[in-house]
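K.L.:
sequence and predicted model, in that order:
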Amino acid sequence: MGPVAESNEEVRETDLPCDLFLSYTRVDKDWVRDLAAQLERESLRGRQLNVFFDEWEIRPGANIVASLENGVSKARFVGVVLSPEMLAGEWPTLEWTMAVYEDPSGRKGKVIPILKRDCEIPPSLRVRNVLDFRTPERQERSYAKLLAVLRNEPLPRGHTFQGVAPMQSPQIFAKPLEFADEVQERIASNIFPIESLPRWIWSAETEARSYGEVYRHLRKIIVADTLPTFILRQNRIYTFCNLEDRGSPFGGLVSPIATIRKEDTYLWSAEGPDQDGLLELLNRALVNNSENLGLYHDRQHNRTYFLTNNGGNRIVEWDTGTRRSRRTVVKRYQKGPNGEVFWAHLSVVLRFILIESRIFLRMEPGWTFTRDGVTPLPRREMQSISTRWMYDEYNPSIFYHLRFWTYILSQAKRQIVLDAGGSSICIEPMPATALMKFGVEGDHFSFDKLYEVAEAETPPVDYLLTNSDERSMDELPADQEQQQ
């Protein structure tokens, strides 16, 4: 929108719904006027599209702020014309921040960023799919997409055949009828690359016949530290610990005259039967380290989660990367005024996996629900609650959870380091990405700022819980994600 002098008008009265509110700066006024006029020549279900353009809508003497609030509130969509001048202007900033306030997460899709010239897109707009109008070629494609959104039609995808080939024609199978845009797009994942593993896997014959027997032996020796990882195979114990070391915690389980072997860890990661053994070693190390951090591992469902704080809610302080926050990770709830009590725990499924002989740590964040703060609810009941509370979690929420869990597992350090018993498993704290040759034109999401965007766009951690049909039994405020 232009300066006050250009907007001193009153909203015109019309029975037509407002399809698009255009927020812009004075520098782009002529271009925006042309865009608005072009859109209003388009039809929608027997009528013309209706665009809110300030010089058409606001009459002299009107309350500008009230007019803008009314326009943003009633518009089906708000188009934010992005340019350096626009982001520096106070009036357009007021307009698009009002729109973002109505749809902070972007789930409604109300706010449509329209990139006119290169600029640093704010985090609250960067998470949304951007329409690129910077060049005539891009403008043509982006206009078609904008029109499809306003008409509630499927998005056009690249080029489409002008004619339809006969159903039996080989042409119909040679390539799809629609193509994705030929633009590079970086896809983020929930898997984290391994930087280094222990160099050797040691093994020796043992008389221990069960994992429980070995764990009882280890807990007599190790009280506070992480238990070393091991597996049992055909009367042999395998571990990353040096079994030739006299101080080895497995000393009482291995005969002094037993034959000790050491094998290259990276050979185990190659194709063959040893792959499963290596993954089992790594996953057992993961469980041992998690439990040493005070987390609980539900072996039946393979979930790791926080326990209550002496029977009460648990709040964890952490560093998001831009600020210090307090996050509710366990909370007590009740189904209705007289219903059953249950607990909601922030949880994660952690698992090492192999992809073409490369090892990654996979994280699947979520929630676990327990009856008493420890014991999980029956699967059917848990799925019912999960469906109601988590069905609309979106990408920034997931990446925000990932950022949190990397912070917990790394113990606030720059790298996740798992104690494997005399050696370490080192994991990169940023997820793996893949560069695709095809994607969505105008999608300018920056992976380098992924966590920054996630933090800016994600509601408080228990938003889904406190806004469900369940009721918390305590009087904690809904927003437990507090800035410090």
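P.N.:
Cool, got the structure. Predicted model only: the values in this text are computed from it and were never measured. Numbering: from 1, shown residues only.

K.L.:
domain ranges for this protein?
P.N.:
4-150, 194-483 (automatic domain parsing).

K.L.:
pLDDT on the strand ranked longest in the chain, on average?
P.N.:
Using DSSP state E, we find that the single longest strand of the chain is strand 341-355. Averaging pLDDT along strand 341-355 yields 91.

K.L.:
and the domains of the chain as a markdown table, adding distance to Ile187 and mean neighbour count?
P.N.:
C-beta: built from backbone N, CA, C; applies to glycine. Converted to a markdown table, the domains of the chain look like this (distance: least, C-beta to C-beta, whole Å; neighbours: other C-beta atoms under 10 Å):
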| stretch | distance to Ile187 | mean neighbour count |
| --- | --- | --- |
| domain 4-150 | 14 | 17 |
| domain 194-483 | 5 | 16 |
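
K.L.:
Ala188 is nearest to which of those domains?
P.N.:
Closest to Ala188 of these, according to C-beta to C-beta: domain 194-483, at 5.3 Å.

K.L.:
still on that earlier bit, JSON lines for the domains of the chain, including distance to Ala188?
P.N.:
Shown next, in JSON lines, are the domains of the chain (distance: least, C-beta to C-beta, whole Å):
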{"stretch": "domain 4-150", "distance to Ala188": "13"}
{"stretch": "domain 194-483", "distance to Ala188": "5"}
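
K.L.:
my guess is Asp419 contacts Arg284, does it?
P.N.:
No - the criterion here is C-beta atoms under 8 Å, and Asp419 misses it with Arg284 at 12.0 Å.

K.L.:
one step back: worst average pLDDT in the domains of the chain?
P.N.:
Minimum mean pLDDT among these: domain 4-150, a mean of 74.

K.L.:
what does the lengthiest helix in the chain rub up against?
P.N.:
The single longest helix within the chain, with elements called by DSSP state H, is helix 274-292. Here helix 274-292 makes contact (C-beta atoms under 8 Å, 6 or more residues apart in numbering) with 197, 201, 225-231, 233, 238-240, 265, 267-269, 297, 299, 304, 350-354, 359, 361, 409, 418-421, 425.

K.L.:
these in helices, which ones?
P.N.:
Reading helices off the contacts of helix 274-292 with DSSP H, I get 265, 267-268, 409.

K.L.:
got the angle for whichever strand or helix holds Phe369 vs helix 274-292?
P.N.:
Element membership for Phe369, per DSSP states H and E: strand 358-370. Put simply, strand 358-370 runs at 40 degrees to helix 274-292, going by axes from the mean of the first three to the mean of the last three C-alpha atoms, to 10 degrees.

K.L.:
and strand 358-370, C-alpha only, in CSV?
P.N.:
Provided in CSV are the C-alpha atoms of strand 358-370 (Å, rounded to 0.1, in the frame of the first residue of the first chain):
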residue,chain,number,x,y,z
ARG,A,358,25.9,-45.5,4.5
ILE,A,359,24.6,-45.3,8.1
PHE,A,360,22.1,-42.6,9.2
LEU,A,361,20.3,-41.9,12.4
ARG,A,362,16.5,-41.6,11.7
MET,A,363,14.4,-39.5,14.0
GLU,A,364,10.6,-39.7,14.0
PRO,A,365,9.3,-37.1,16.5
GLY,A,366,5.8,-37.4,18.0
TRP,A,367,3.8,-37.9,21.2
THR,A,368,3.3,-40.8,23.5
PHE,A,369,0.4,-41.2,25.9
THR,A,370,0.6,-43.1,29.1
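
K.L.:
remind me what that strand packs against, helices and strands.
P.N.:
Packing contacts for strand 358-370, counted by 3 or more C-beta pairs under 8 Å, 6 or more residues apart in numbering; DSSP states H and E, involve strand 191-196, helix 274-292, strand 303-305, strand 341-355, helix 379-390, helix 395-410.
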